[in-house]
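1. Just a sequence and a predicted model for now, questions to come.
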Amino acid sequence: MLALVVPGARRRWAWVAQAALGGFRRRLSVAGGASPCSPLPEKDPAFWVTPSRSYSATDRTERLDMSKFPVENVRNFGIIAHVDHGKSTLADRLLEMTGTIAKTDHNKQVLDKLQVERERGITVKAQTASLFYNYGGKLYLLNLIDTPGHVDFNYEVSRSLSACQGVLLVIDANEGIQAQTVANFFLAFEAQLSIIPIINKIDLKNADPERVEKQIEKMFDIPSDECIKISAKLGTNIERVLQAVIERIAPPKVSRENPLKALVFDSTFDQYRGVIANVALFDGVVSKGDKIVSAHKQKTYEVNEVGILSPDEQQTQKLYAGQVGYLIAGMKDVTEAQIGDTLYLHKQPVEPLPGFKSARPMVFAGMYPIDQSEYNNLKSAIEKLTLNDSSVTVHRDSSLALGAGWRLGFLGLLHMEVFNQRLEQEYNASVILTTPTVPYKAVLSSAKLVKEYREKEITIINPAQFPDKSKVTEYLEPVVLGTIITPDEYTGKIMTLCLARRAVQKNMVFIDQNRVMLEYLFPLNEIVVDFYDSLKSLSSGYASFDYEDAGYQTADLVKMDILLNGNPVEELVTIVHKEKAHPIGKRICERLKDTIPRQLFDIAIQAAIGSKIIARETVKAYKKNVLAKCYGGDITRKMKLLKRQAEGKKRMRKVGNIEVPKDAFIRVLKRQPDK
């Protein structure tokens with residue numbers, strides 16, 4: 001059997017060997033003991049039926065009666081896929097097919113509600129929608145969760161799957177299985193969810209669904225006749241998908257007679273109504289007027305409103321076990337709605353649900369307001385946005401140049417850029433972001449230092465606080481297990497790229513005749529900024545990349561300071577591998593030279609390790625021609641004017657302030673394209 005020995009890594013390669021595939025379907029939970037991917041039986045065609053509604057006696061608000069849906073008629077499922085394989089388009093067609101939204105040409109990314117999602121064409125936040133569908137004479141409630149596809153938002157996917165019993169694994173009929181397809185499959189498999197493979201985009205000219213079926217059978221041990229071929233764009237075979245959800249995915253295993261037990265799996269903040277919590281009910285019933293308790297905060301709240309998302313908020317009389325919806329209970333502080341928290345009825349305590357494994361930040365960056373007078377407004381905006389994106393970690397920080405701010409942890413560079421964009425668009429907050437860095441570790445060398453730091457092994461998230469070599473026995477850098485899927489013709493170039501990034505090859509397997517899956521152990525700082533861009537460039541856009549945490553390894557690290565006219569710039573301090581210090585220092589100096597505007601005096605840009613200067617560039621000053629008024633004459637007169645000008649420039653260099661544009665911090669770190 002092929003298996004990796006990297007600690008914490010999933011044993012993906014065992015799936016390629018047939019010996020490891022025998023018990024796959026037996027472990028999946030399905031309705032009635034059937035195979036999760038069993039062929040669909042012949043049924044009557046589905047048709048839309050409006051669920052019963054009632055009206056409040058006091059406010060005449062139209063409300064759905066959710067008691068009409070017994071547990072056996074409820075299905076909770078998610079859509080997972082690689083980037084741009086058609087998750088959101090499939091969600092649009094499912095909403096149309098069930099009558100949840102009207103069928104128009106304007107239905108594009110209906111569940112992608114954020115401005116940043118529509119601008120970038122990607123899903124950033126998982127979104128929920130409740131669908132009503134009549135099948136075989138029974139009315140079913142189908143709770144759909146559309147998830148992100150980019151590796152930076154894997155935490156959103158894993159968190160959303162906690163509310164599901166099955167998933168639709170969408171695969172592009174043209175591109176086939178990609179790196180994130182494999183990662184998402186394992187997320188669903190480890191959660192013991194039923195998996196329905198969907199081959200999308202069969203309408204494309206170069207689509208090859210038969211080839212993709214063989215890939216699915218080889219990689220995931222799912223027989224080819226159990227795949228559903230669709231075109232989400234044209235609506236082909238969408239009805240079969242709905243039927244498969246009902247037939248192949250089990251209803252939730254819950255009890256409505258037990259006391260309330262609800263899991264908060266997402267939340268948003270509304271300035272008028274407070275915190276809106278998305279909940280999945282595992283036991284019991286909740287209705288307006290109930291008093292509930294937060295297991296995390298141990299605070300009691302009164303429920304003001306409950307409902308479902310269809311896809312907009314729609315009030316209901318109650319929510320029952322097995323259902324997914326939203327709940328408003330007068331939580332005014334953004335810290336009160338902890339994602340992963342358990343809610344229960346007052347005086348009816350229950351055992352809290354396991355919640356979620358906290359996400360480990362992969363990238364850290366300093367964030368500061370452009371004007372310190374905006375500090376409190378930015379603080380409020382960050383608190384509200386982190387309520388909706390709990391994978392971001394926040395620590396207070398300060399800088400001599402930039403003032404008070406925060407050190408934020410993100411899951412990747414795209415995650416950082418999206419968070420910054422959401423701050424600007426949703427809260428009108430303009431910020432300065434410093435150079436992103438990864439979390440390093442240092443093992444202290446003496447008992448005195450251990451007593452001072454209160455631990456033997458310290459984590460460094462701010463490069464300016466990197467301890468001197470004399471204080472540590474060794475430095476550790478984070479590593480990740482990266483999976484690359486590429487056409488065979490680009491393998492050589494990609495191997496060269498990985499070697500240049502200090503990667504160690506772990507395995508190589510052919511998925512089919514033309515495609516290869518490579519696995520490498522990468523230092524995280526070598527891939528976090530621009531590895532993905534270089535990979536796409538070398539492979540003409542055909543290669544895909546995914547990575548997962550693989551712990552730490554010993555590394556020869558040094559702290560590199562950037563000096564402007566001899567003064568260190570704390571915000572531009574970077575931690576680099578010793579053997580790469582010179583080329584990185586040279587590149588940063590060159591980038592700064594192109595980024596910093598010219599002044600009335602020369603600006604010396606230097607990269608230094610300790611007292612040793614390893615690279616230098618100079619931004620030349622604007623210079624007035626002081627000899628313009630001299631028409632010939634004595635040379636000493638000209639020399640006197642030039643000397644006086646040089647002395648003035650020297651004085652100016654000592655007292656002059658150097659303005660570094662706010663976007664320089666990310667631009668200087670970007671690598672040149674790998675040759």
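-> Structure received. Numbering: from 1, shown residues only.

2. For stretch 281-288, C-alpha coordinates in PDB please.
-> Output of stretch 281-288 as PDB, limited to C-alpha atoms (Å, rounded to 0.1, in the frame of the first residue of the first chain):
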ATOM      1  CA  LEU A 281     -31.000  21.600  15.400                       C
ATOM      2  CA  PHE A 282     -29.700  18.300  16.600                       C
ATOM      3  CA  ASP A 283     -32.500  17.800  19.200                       C
ATOM      4  CA  GLY A 284     -35.700  19.400  20.400                       C
ATOM      5  CA  VAL A 285     -37.700  22.500  19.100                       C
ATOM      6  CA  VAL A 286     -37.200  26.200  19.400                       C
ATOM      7  CA  SER A 287     -39.800  29.000  18.900                       C
ATOM      8  CA  LYS A 288     -40.200  32.700  19.400                       C
END
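
3. Next, the residues that contact that stretch from outside, please.
-> Under the criterion CB atoms under 8 Å, 6 or more residues apart in numbering, residues 252, 254-256, 258-263, 279, 292, 303-306, 317-325, 327, 343, 345, 350, 353 lie in contact with stretch 281-288. For every residue, glycine as well, the C-beta is placed using N, CA and C.

4. Show me what the one helix or strand M517 maps to packs onto, helices and strands only.
-> Using DSSP states H and E, M517 sits in strand 515-523. Applying 3 or more CB pairs under 8 Å, 6 or more residues apart in numbering; DSSP states H and E, one finds that strand 515-523 contacts strand 472-487, helix 491-500, strand 504-510, strand 544-555.

5. For the second one, list every residue counted as buried.
-> Neighbour counts using 16 or more other CB atoms under 10 Å place T491, K493, I494, M495, L497, C498 of helix 491-500 among the buried residues.

6. Check the fifth one and give its pLDDT.
-> The per-residue pLDDT reported for L497 equals 94.

7. S534 is in contact with that one, correct?
-> Yes: L497 lies in contact with S534 (CB atoms under 8 Å); the separation is 6.0 Å.

8. Can you list the low-confidence ranges for the stretch 51-200 of the chain?
-> 51-63, 102, 104-126, 148-156 (pLDDT under 70).

9. picking up where we left off before, just the buried residues of the contacts of stretch 281-288.
-> Buried, going by 16+ other CB under 10 Å: 252, 254, 256, 260-263, 279, 292, 303, 305-306, 317-325, 327, 343, 345, 350, 353, out of the contacts of stretch 281-288.

10. out of the residues you listed, which are inside strands?
-> Among those, the ones falling in strands (DSSP state E) are 261-263, 279, 292, 305-306, 318-320, 324-325, 327, 343, 345.

11. which among the residues you listed gets closest to S88?
-> V324 (18.6 Å; CB to CB).

12. Please identify the helix or strand for the spatially closest residue to the closest one that is not a sequence neighbour.
-> Excluding the flanking residues, the one nearest V324 by CB to CB, 6 or more residues apart in numbering is N143, at 4.3 Å. For N143, the enclosing helix or strand under DSSP H and E is strand 138-146.

13. Sheet-wise, list the partners of that strand with their directions.
-> strand 74-81 (parallel), strand 127-135 (antiparallel) (DSSP bridges).

14. Next, count neighbours for H577.
-> 17 (other CB atoms under 10 Å).

15. Could you do the one 10 residues further on as well?
-> R587 has 18 neighbours, counted by other CB under 10 Å.

16. Now do the helix or strand harbouring it: distance to the chain's middle.
-> Taking DSSP H and E as the definition, R587 sits inside helix 581-595. Here helix 581-595 shows a centroid-to-chain-centroid distance of 29 Å under the convention CA atoms, centre = their mean, to the nearest Å.

17. one step back: just the CA trace of the strand holding N143, in CSV.
-> C-alpha atoms of strand 138-146 as CSV (Å, rounded to 0.1, in the frame of the first residue of the first chain):
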residue,chain,number,x,y,z
LYS,A,138,-44.3,13.3,-0.4
LEU,A,139,-43.2,16.9,0.3
TYR,A,140,-39.5,17.1,1.3
LEU,A,141,-37.5,19.8,2.9
LEU,A,142,-34.0,20.0,1.3
ASN,A,143,-31.5,22.2,3.1
LEU,A,144,-28.7,23.2,0.7
ILE,A,145,-25.3,24.6,1.7
ASP,A,146,-23.2,26.1,-1.1
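
18. what inclination does it have with respect to strand 324-328?
-> 70 degrees (axes from the mean of the first three to the mean of the last three CA atoms, to 10 degrees).

19. And the contacts of strand 138-146?
-> Applying CB under 8 Å, 6+ apart, the set of residues contacting strand 138-146 is 49, 51, 66, 68-69, 73-79, 87-88, 91, 94-95, 98, 111-112, 123, 126-134, 160-161, 163-164, 242, 245-246, 323-324.
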